[in-house]
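# Here is a sequence with its predicted model. Questions after.
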Amino acid sequence: MTTTATELTERTTVAPLLWSLDRDGSSVEFTVKTMWGLLPVHGRFDRFAGSYEVGPDGTTIELTIDADSIDTGNAKRDEHLRSSAFFDVDGHAQVHFRSTGVHEVGDGKLYVAGNLEAAGILVPLELTATAQPAGDGLEVEATTTVDQRQFGMSSGVLGMIRPPAKVHVKALLKGNA
């Protein structure tokens, strides 16, 4: 039997349910097209933390990523992505998402509105996610697109990097639920 977000909210009128991200069962990955849209580059972030909290005031989802942990399999490219032309890790060490509204739309699907902050710029973001029980935890998965230009990030030399970047997050959450 699947527990819905609505049922969880009804159970939490006294104390919130809090799940924390288990990094071993989670991933934060992205794909962006380069060479004027001809070649995809796949990458990931290796260090991140997150939480999913259901309480009487609603659901909150948070994800914090260490921007310095970017890995595309090419050290020179990764160093460039850490520079001020992209993530500016010296000035802004983290990428952060925090939901502003989470609404169940049925069958474990969630509509999530929130704010994504990268390179010191905050941009509203909307996405659809799924949440389902996974053993003694909860698995939340979402895929969305992000136009990196909104964060003041470069399109690279001669516009070689084509927006949007496709971002996929799979979060295995463990907690007090």
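Sure thing, it's come through.
# The one helix or strand residue 129 maps to: partners in the sheet, and parallel or antiparallel?
In the assignment (DSSP states H and E), residue 129 maps to strand 121-134. According to DSSP bridges, strand 121-134 forms sheet pairs with strand 109-118 (antiparallel), strand 137-146 (antiparallel).
# quick one: the first one to chain centroid distance?
The gap between where strand 109-118 is centred and where its chain is centred comes out at 8 Å by CA atoms, centre = their mean, to the nearest Å.
# Please point out which parts of it sit buried.
Using 16 or more other CB atoms under 10 Å as the test for burial, strand 109-118 gives 110, 112, 114, 116-118. Quick note: C-beta positions are derived from backbone N, CA and C, even for glycine.
# returning to that earlier point: need the strands paired with strand 121-134 in a markdown table with mean pLDDT and distance to residue 161, can you?
Formatted as a markdown table, the strands paired with strand 121-134 follow (pLDDT from 0 to 100; distance: least, CB to CB, whole Å):
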| stretch | mean pLDDT | distance to residue 161 |
| --- | --- | --- |
| strand 109-118 | 97 | 15 |
| strand 137-146 | 94 | 12 |
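# can you tell which of those is closest to residue 76?
Nearest to residue 76 among the strands paired with strand 121-134 is strand 109-118 (21.2 Å), distances taken as CB to CB.
# hey, C-alpha coordinates of the closest one in PDB?
Output of strand 109-118 as PDB, limited to C-alpha atoms (Å, rounded to 0.1, in the frame of the first residue of the first chain):
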ATOM      1  CA  LYS A 109       3.400  12.500  -8.400                       C
ATOM      2  CA  LEU A 110       4.100  15.900  -6.900                       C
ATOM      3  CA  TYR A 111       4.100  19.400  -8.300                       C
ATOM      4  CA  VAL A 112       7.000  21.300  -6.700                       C
ATOM      5  CA  ALA A 113       7.600  25.000  -6.900                       C
ATOM      6  CA  GLY A 114      10.700  26.500  -5.400                       C
ATOM      7  CA  ASN A 115      13.800  28.600  -5.800                       C
ATOM      8  CA  LEU A 116      17.100  27.400  -7.200                       C
ATOM      9  CA  GLU A 117      20.200  29.400  -6.300                       C
ATOM     10  CA  ALA A 118      23.400  29.000  -8.300                       C
END
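# Need the contact partners of it.
5, 59, 61, 67, 87, 92, 95-105, 122-131, 140, 142, 146, 151, 153 (CB atoms under 8 Å, 6 or more residues apart in numbering).
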